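# structure for this input, please:
(2 chains)
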Amino acid sequence: MGLRESRGDRAFTIFNYIFLAVVAIIVLYPLLFVLSASFSNPQYVISGEMWLWPKEFTIEAYEKVFKNPDIINGFINTMKYTFFGTLLNVVMTICAAYPLSRRDLKGKGFIMAFMVFTMFFSGGLIPTYLLIRDLGMINTFWVMIIPNAVAVWNIIIMRTFFQSIPYELEESATIDGAGNFRILWSIILPLSFPVIAVMVLFYSVGHWNSYFQALIYLQDQNKFPLQLILRQILIQGQADDMIQATSESFLAQKLSVEGLKYAVLIVANLPMLMLYPFLQRYFVKGVMIGSLKG
Amino acid sequence: MTLLNKTTVEEASKDQGFSSKKTKVKKNHWLEWKKAFKKNWQLYLLLTPVILYFLVFHYYPLYGLQIAFKDFIATKGITGSPWVGFKHFERFFDSYYFWRLIKNTIGIGVFTLLVSFPVPIIIALLLNEVKSLRFKKFVQTVIYAPHFLSTVVVVGMLLLFLKPDGMINQVLVLFGGTPLDFISEPAWFKSIYVLSDVWQTMGWSSIIYIAALAAVDPAQHEAAMMDGASKFQRIIHINIPAIMPTIIILFILNMGSVMAVGFEKVFLMQNDLNMSASDVISTFVYRSGILEAQYSFSAAVGLFNSIINFILLIMVNKVAKKVSDTSLW
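Presented below is the predicted three-dimensional model:
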């Protein structure tokens, strides 16, 4: 492409870079602000003097967060729900996706339609709630795991990936006398690390961030996941009770609450922040797999 | 997951096409089935827990939907409760909050569609023109990030920024304005909801378009450049037509959920003061169903909403098929 850029194209390019830079700043600024505010003396945050970098660096807010039993407990609960939930999710997704990826499976079209239909029409909240109640799962560990055991969209992604593995591999294994379990275990799964990683990340981020299931079905505070505790602190303003134990003045309390909220935001996203480089790579990969023809 | 795309959905629907043929075969040739079963019983065994899961957690609630036409009595169960016809639907249509709920649900849905839908397309088209890989990577890394924040965190940030002494109001005061109580003002609710949605989703939703743009043949661009087409012209005449199928598929899916305004974010942003603008069907179903235990009535409201969504999806799909030959099925 030996052509020189025309003046119009040049203007477009300059506009383009400026526009995208502004977009990036708009997205980034609130995140940076939260991070800096969590390390600042809350007084400066409230007065508006802290606007980019931390002012009077302090980790006091984090000390309060990590001393709070509700947050710690919520953190542990969320890790439990995320770990076991994701484990079940991935196993179920493989169980569904592998057979459906096989062209010699009779009835696979019907089974696929049977699953895809639920993406577009569902019984809705109330019938599902009554079912969960009748199953006796309300306020149990299981309710955080079983009702969302598998997601149709992820089955489709995984199936598409499995279909991209040459069928000849499976055929020759069959001729060598390997059963379907054997083929799945020793041929398909070892080749599927990328897609399994994508699934683990998709599902675990979902578990980590969800609060709806817990809001509807859990009653005991000690079973609450982190997101519900966050809701109490950030949205229902219950942080005030957490600091009352200390003998601070009213103003000092207000300031503590302010700092605590920013720190809590950061702590809640700590695993995501640390995993972000992986998350981004594998998530993008997942979206790409989904958009390739299988 | 809203990131559905053309090929896989098409494929899923092709499978549906196969199924009708195969079920016919099934009646005549059960021997064939027996053979298939014998050969692949392990595959069917793998599928069993998944099918059971769908039957119990997705199809049984569909059966349970009949309580929308009944007066549900817990001791009599779903089947034993007496039929009452359309009583609950009529009560809903006649209630004073009916129009408020419809107005809010459609308002938020349409507003979201109008703003949240085109922005990622524009971002993808512009990112595609960036030559500096480093800059591109930086912008992508930044704008994908909010996708990983939970709804609670995003709403928590909104509340912190928008409160009377929060960051936004500090800026307002700096420029000589007076602080506003954004969160409790109904007039602001929809804008805050939609703009924060754009903030959170624009990067992530652009991935699918970026992928589609990567498949555009560079030869087309070279030929157009020879003919003296400017960058802007090439975007309009080459890139946009190239990603049109993707745009249409995502539009259909988004249209289908115009009235399915998600519960999670609205519920968290809702308070007693902004209720007149923030009460939508899903939050109403939660309140009347889960909190007030009016099971039959709220099941009816939920069913009404699902049916409208389903009809919308089918209608848009049909129109898209006629106009552009691209459709979900």
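
# how about the secondary structure of the residue in chain A that chain B sits nearest to?
Going by Cβ to the nearest Cβ, chain B is nearest to A:Gly123 of chain A, at 2.7 Å. To be clear about C-beta, it is placed using only N, CA and C from the backbone, and glycine gets the same treatment. Following DSSP: H, G, I helix; E, B strand; the rest coil, we place A:Gly123 in the coil state.

# what's near enough to touch it?
B:His58, B:Tyr60, B:Pro61, B:Leu62, B:Tyr63, B:Gly64, B:Leu65 (Cβ atoms under 8 Å, 6 or more residues apart in numbering or on different chains).

# for the stretch 1-150 of chain B, just list every one of the strands.
Taking DSSP state E, counting those that start in this stretch as the criterion, the stretch 1-150 of chain B contains no strands.

# residue ranges of the helices in it, please?
With DSSP state H, counting those that start in this stretch, the ranges of helices along the stretch 1-150 of chain B come out as B:6-28, B:30-54, B:60-64, B:77-80, B:87-94, B:98-116, B:118-128, B:133-144.

# out of those, which gets the lowest mean score?
With a mean of 49, helix B:6-28 has the lowest mean pLDDT of the helices of the stretch 1-150 of chain B.

# please, which helix or strand holds whichever residue of the stretch 151-300 of chain B sits closest to chain A?
Residue nearest to chain A within the stretch 151-300 of chain B (Cβ to the nearest Cβ): B:Gly156, separated by 3.3 Å. Assessed by DSSP states H and E, B:Gly156 sits inside helix B:151-162.

# contacts for that helix next, please.
A:30, A:33-34, A:209, A:211, A:227, A:230-231, A:234-235, A:261-262, A:264-265, A:268-269, B:146, B:166-169, B:182-183, B:192, B:196, B:200, B:264-265, B:268-269.

# returning to that earlier point: what's the spacing between the residue of the stretch 151-300 of chain B closest to chain A and B:Met255?
The span separating B:Gly156 from B:Met255 equals 31 Å under the rule Cβ to Cβ, to the nearest Å.

# contacting residues for the residue of the stretch 1-150 of chain B found nearest chain A?
Of all residues in the stretch 1-150 of chain B, B:Pro61 sits closest to chain A, at 2.7 Å by Cβ to the nearest Cβ. Taking Cβ under 8 Å, 6+ apart as the contact definition, B:Pro61 lies against A:Ser122, A:Gly123, A:Gly124, A:Pro127, A:Thr128, A:Leu131.

# do the helix or strand hosting the last one and chain B meet?
To tie it back to what came earlier, the one meant is A:Leu131. Using DSSP H and E, A:Leu131 maps to helix A:125-134. Yes. Judged by Cβ under 8 Å from any Cβ of the partner chain, helix A:125-134 and chain B are in contact via A:Leu125, A:Ile126, A:Pro127, A:Thr128, A:Tyr129, A:Leu130, A:Leu131.

# need the contact list for the second one.
What it means is A:Ile126. Listed by Cβ under 8 Å, 6+ apart, the contact partners of A:Ile126 are B:Gly64, B:Ile67, B:Val285, B:Gly289, B:Ile290, B:Tyr295, B:Ser298, B:Ala299, B:Gly302.

# show the pLDDT at the residue nearest the centre of chain A.
Centroid-nearest residue in chain A, with Cα atoms, centre = their mean: A:Val205, separated by 1.8 Å. Here, the pLDDT recorded for A:Val205 equals 89.

# what's the answer for B:Asn254, then?
84.

# so which elements touch the helix or strand harbouring it?
Here B:Asn254 sits within helix B:240-256, counting by DSSP H and E. If you count contacts as 3 or more Cβ pairs under 8 Å, 6 or more residues apart in numbering or on different chains; DSSP states H and E, helix B:240-256 packs onto helix B:6-28, helix B:118-128, helix B:186-214, helix B:295-324.

# give me the subset of the contacts of A:Ile126 that also touch chain A.
Near chain A, by the rule Cβ under 8 Å from any Cβ, you find B:Gly64, B:Ile67, B:Val285, B:Gly289, B:Ile290, B:Tyr295, B:Ser298, B:Ala299, B:Gly302 out of the contacts of A:Ile126.
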